[in-house]
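# need a structure here:
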Amino acid sequence: MHDGAPRPAQTSCIAAGLFILLASSFAAADPGPGDCLGVDFDVQHPVTIAKIIADKPQVHFVKNASDKAACPAEVGDCQDNAYLVPGDLMLVGKTHGAYSCVSYQSAADRTQQWAIGWVRSTSLTPVSPTPSPSRVDWIGVWIRAGAKIVIRRGPRGRLRISGEAVYPAAESVHNGVLRATVTPSNGMLQFADNGTSAFDQASADAGDCLVRMQRLADLLVAQDNERCGGMMVTFTGFYRRKR
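Got it, this is the predicted structure:
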């Protein structure tokens, strides 16, 4: 996300004050249909991945209805200063009229924060994950700011997954851990807790940690249900293989 300042080559200009944390949904008891507070986890459907298309140099975020009743809408005072640029990848959630709720995290950012908000749906194009990754496509050490996922060969065609994520709170560090042995299926790795529970029968309400992973070009895309660690800890994000 960019705040209106000139963009240095190959980097993202990030204004921390304009970020809303991915876990901001904890603070909102009942968001209205015109409020975008993040991309929900759906056991039945993988998260949609999209990128900004090159129809204009900047695509600005649009404010929530809780900020101004008329928003999201194509009016001047609904437009935020923060914007995305062509090629930026994001996770996409619900829609509201002409707008989609997106979560974006810059690969250059080290603060573990996400930009969350509405953007015009016509500025997005879906990006399809790798349909049938081989086992070697999964294996490696995958990293992003604040988290690491290690995938190794397991017995009988399965894969061993271990992961660690941290969130630096004001007076302590919150952390989360993944440990699971999983069989790839339908181009994905998905599991509940350590992989011994059936993913589609697990219950987030009961506190189960649910995780889904997909491959996309040179990235590992992970999404969890925010139940895999302490407060504000999430494994959700775009990971690059450590070289």
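
# all contacts plus neighbour counts: C-alpha atoms, from now on.
OK.

# Who are the contact partners of residue 209?
192-193, 224-228 (CA atoms under 8 Å, 6 or more residues apart in numbering).

# Name the helix or strand for residue 136, please.
Assigned by DSSP states H and E, residue 136 belongs to helix 135-138.

# Next secondary structure element downstream of that helix?
strand 140-144.

# Contacts for whatever helix or strand comes next after that following strand next, please.
Using DSSP H and E, the helix or strand that follows strand 140-144 towards the C-terminus is strand 147-153. Here strand 147-153 makes contact (CA under 8 Å, 6+ apart) with 135, 138-143, 159-166, 235.

# Quick check: PyMOL command selecting the buried ones in those.
Buried subset of these, written as a PyMOL selection, criterion 16 or more other CA atoms under 10 Å:
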select buried, resi 138+139+140+141+142+143+159+160+161+162+163+164+165+166+235
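
# what's the most distant pair in the contacts of strand 147-153?
135 and 166 (27.3 Å; CA to CA).

# hmm, back to that, pLDDT, neighbour count and distance to residue 88 added to the contacts of residue 209, as JSON lines?
Output for those, formatted as JSON lines (pLDDT from 0 to 100; neighbours: other CA atoms under 10 Å; distance: CA to CA, whole Å):
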{"residue": "192", "pLDDT": "92", "neighbour count": "23", "distance to residue 88": "30"}
{"residue": "193", "pLDDT": "89", "neighbour count": "21", "distance to residue 88": "31"}
{"residue": "224", "pLDDT": "95", "neighbour count": "23", "distance to residue 88": "21"}
{"residue": "225", "pLDDT": "92", "neighbour count": "20", "distance to residue 88": "23"}
{"residue": "226", "pLDDT": "91", "neighbour count": "25", "distance to residue 88": "24"}
{"residue": "227", "pLDDT": "92", "neighbour count": "21", "distance to residue 88": "27"}
{"residue": "228", "pLDDT": "94", "neighbour count": "24", "distance to residue 88": "27"}
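
# quick check: angle from the helix or strand hosting residue 222 to strand 147-153?
Here residue 222 sits within strand 219-224, counting by DSSP H and E. Strand 219-224 runs at 110 degrees relative to strand 147-153, counting by axes from the mean of the first three to the mean of the last three CA atoms, to 10 degrees.

# ok so, going back, next, format the contacts of residue 209 as TSV and append distance to residue 65 and secondary structure.
Formatted as TSV, the contacts of residue 209 follow (distance: CA to CA, whole Å; DSSP: H, G, I helix; E, B strand; the rest coil):
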residue	distance to residue 65	secondary structure
192	35	strand
193	36	coil
224	27	strand
225	25	coil
226	25	coil
227	28	coil
228	31	coil
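
# And those, which is closest to residue 182?
For those, the nearest to residue 182 is residue 192 (9.8 Å; CA to CA).

# Look at the nearest residue to that closest one once chain neighbours are set aside and report its pLDDT.
Spatially, and ignoring its direct neighbours in sequence, residue 192 is nearest to residue 210 (4.6 Å; CA to CA, 6 or more residues apart in numbering). Note for residue 210: predicted pLDDT of 94.

# Please name the residues that touch residue 210.
Applying CA under 8 Å, 6+ apart, the residues contacting residue 210 are 190-193, 199, 202, 204, 224-225, 227-228.

# at 6 Å what do you get?
192, 224-225 (CA atoms under 6 Å, 6 or more residues apart in numbering).
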